[in-house]
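> I'll drop the sequence and a predicted model, then ask my questions.
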Amino acid sequence: MLSHADLLEKAHVLDETDPLRGFRDRFLIPEDSDVVAYFDGNSLGRPALATAERMDRFIREQWGRQLIRGWTDGWFDWPEEIGNRLGRVALGAAPGQVLVADSTTVLLYKLARAAVDARPGRDEIVIDTDNFPTDRYVLEGIAAERGLNLRWIDTDPAEGITAEQVAGAVGPNTALVVFSHVAYRSGYVADAEAITRTAQDAGALVLWDLSHSVGAVPVHLDSWNADFAVGCTYKYLNGGPGSPAFGYLNRRHHGHARQPIWGWIGHRDPLAMGPGYQPVDGVRSMLSGTPPILGMLPLLTGLDMLEEAGIEAVRAKSLRLTDYALELVDAWLLDHGVALASPRDPERRGGHITLRREDFREINDRLWQRGVIPDFRAPDGIRIGLAPLGTSFAEVHRGLSLLAELVGARSTR
Ligand SMILES: *Cc1c(COP(=O)(O)O)cnc(C)c1O
């Protein structure tokens, strides 16, 4: 096993030979910041320098000069235009199927409602116990509203959902299955293609939550043959706090799937302001109200960077980061009562890893006090999220050194 000094040297070599190393300098990282290691770019990505400029320019040149004309001069098309770009750069989705709008929670509701209504006579929604809380709650709400039942698959919080489990849960009553591609706790990467096929073979529709994969793990919605998907843009896509979500509506559902919030922006002719709702064609039918244009600006910068880096290179760095983090965990933490609650297999490992120990709630508070920022996930998990474009290997070393010190591992100085 490498010594502390050797592990630090290794971080430096990994940083120097990192083909994406230049991207870190494009983020706003204040020189006098009290943060010495940021391990939560999977919950809220850092701002890019270009985002600050872009927002300033937009306010002065577009909002300030165009005023209301901005809507007809282009803003109106942003949800679909940016959606198309997101589809191409990160989602493996052909144009006309992705939309930027609402929040993940709201889009999940709209798409899941459209899905269950498209499967009349089937009264079950399949979901797993370790899916993200909003997914579980929204589906509980839909089940209550539509008189459906939820069928829960028990997933191991250190692992994730498998095609075998799905095969055992779906049947002639299943209307919809909803899973996360990357589990928010363990980081387990589900075999989305196999699960999609399994559920569809039973006649069910499939909705993927991509919040913890988009921008870190390649997604291939069209080739998985997914029906619907949603995800956040403020995580690995650096869209900023509360930035709008995205939704995917596979082309084969256009013209049939009906979402429940019939607003004027999803109308065939919004400016006619006429009587009676008639949905517009295509993915725009998922829109309801006025699109959050300002909220989409940082995402444009996130997409610029992701496109330039390429999602495959981002994934390769992501795996190098978690490989290195696991090496430190093995060297420093496992002998001290810390357990790994994430897959080691690179094929099943997403962009973050979770570590567990009884006292991690308190240890997490102490990490935050000293500028190491992971997040805590009840009951006893510390989640180490390593956003590939903004995180350096030296930063991983710094942050995990402090964790090692706090758990009473041998002095790491
Ligand atoms: C972060 C996250 C969300 C968040 O939804 P919001 O509506 O943005 O609050 C939803 N689902 C998953 C899987 C997430 O990781």
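Good, I have the coordinates.
> Stretch 176-189 vs the ligand: in contact?
Yes - counting by Cβ under 6 Å from any ligand atom, the ligand is contacted by stretch 176-189 at Ser180, Tyr184. Glycine gets a C-beta too; all of them are placed from N, C-alpha and C.
> Show the end-to-end separation of that stretch, please.
From its first residue to its last, stretch 176-189 covers 20 Å (Cα to Cα, to the nearest Å).
> What confidence value was assigned to Thr412?
Thr412 carries a pLDDT value of 49.
> whoops, Gly74 was the one
Reported pLDDT for Gly74: 96.
> And for Arg356?
So, for Arg356, pLDDT stands at 98.
> Which residues does it form beta bridges with?
The bridge-partner assignment for Arg356, based on DSSP bridges, gives Ala339, Gly381.
> Isn't Gln278 up against Arg268?
Yes - the pair Gln278 / Arg268 is scored as a contact, 4.5 Å apart, by Cβ atoms under 8 Å.
> how close does Ile125 get to the ligand?
Distance, Ile125 to the ligand, using Cβ to the nearest ligand atom, to the nearest Å: 16 Å.
> Now that residue: phi and psi?
phi -120, psi 130 (degrees, to the nearest 10).
> Show the contacting residues for it.
The contact partners of Ile125, taken as Cβ atoms under 8 Å, 6 or more residues apart in numbering, are 112, 116, 139, 142-143, 148-151, 174-178.
> Swap in 7 Å and give it another go.
By Cβ atoms under 7 Å, 6 or more residues apart in numbering, the contact list for Ile125 reads Val116, Leu139, Ala143, Leu148, Leu150, Ala175, Leu176, Val178.
> Helix or strand: which one has Ile82?
Secondary structure assignment for Ile82, by DSSP states H and E: helix 78-86.
> next one: Ala144
Ala144 belongs to helix 133-146 when elements are defined using DSSP H and E.
> how far out from the middle of the chain is that helix?
Remark: helix 133-146 is offset 20 Å from the chain centroid, using Cα atoms, centre = their mean, to the nearest Å.
> repeat for stretch 256-268
How far stretch 256-268 lies from its chain's middle: 25 Å, per Cα atoms, centre = their mean.
> Tell me the confidence at the closest residue to the ligand within the stretch 151-300 of the chain?
Closest to the ligand within the stretch 151-300 of the chain is Ser211: 3.3 Å, counting by Cβ to the nearest ligand atom. Looking at Ser211, its pLDDT stands at 98.
> Contact partners for it?
By Cβ under 7 Å, 6+ apart, the contact set of Ser211 is Thr104, Phe132, Gly231, Cys232, Lys235.
> Which of the residues you listed fall within helices?
With helices taken from DSSP state H, the overlap with those comprises Thr104.
> List, out of the contacts of Ser211, those positioned next to the ligand.
Counting by Cβ under 6 Å from any ligand atom, Thr104, Phe132, Cys232 from the contacts of Ser211 sit close to the ligand.
> For these, please prepare a markdown table with the additional fields distance to Arg357 and pLDDT.
Shown next, in a markdown table, are these (distance: Cβ to Cβ, whole Å; pLDDT from 0 to 100):
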| residue | distance to Arg357 | pLDDT |
| --- | --- | --- |
| Thr104 | 30 | 98 |
| Phe132 | 23 | 97 |
| Cys232 | 28 | 98 |
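> top of those by neighbour count?
Greatest neighbour count in the ones next to the ligand among the contacts of Ser211, by other Cβ atoms under 10 Å, goes to Cys232: 28 neighbours.
> Pull the contacting residues for that one.
Cys232 makes contact with Thr104, Ser211, Ala245, according to Cβ under 7 Å, 6+ apart.
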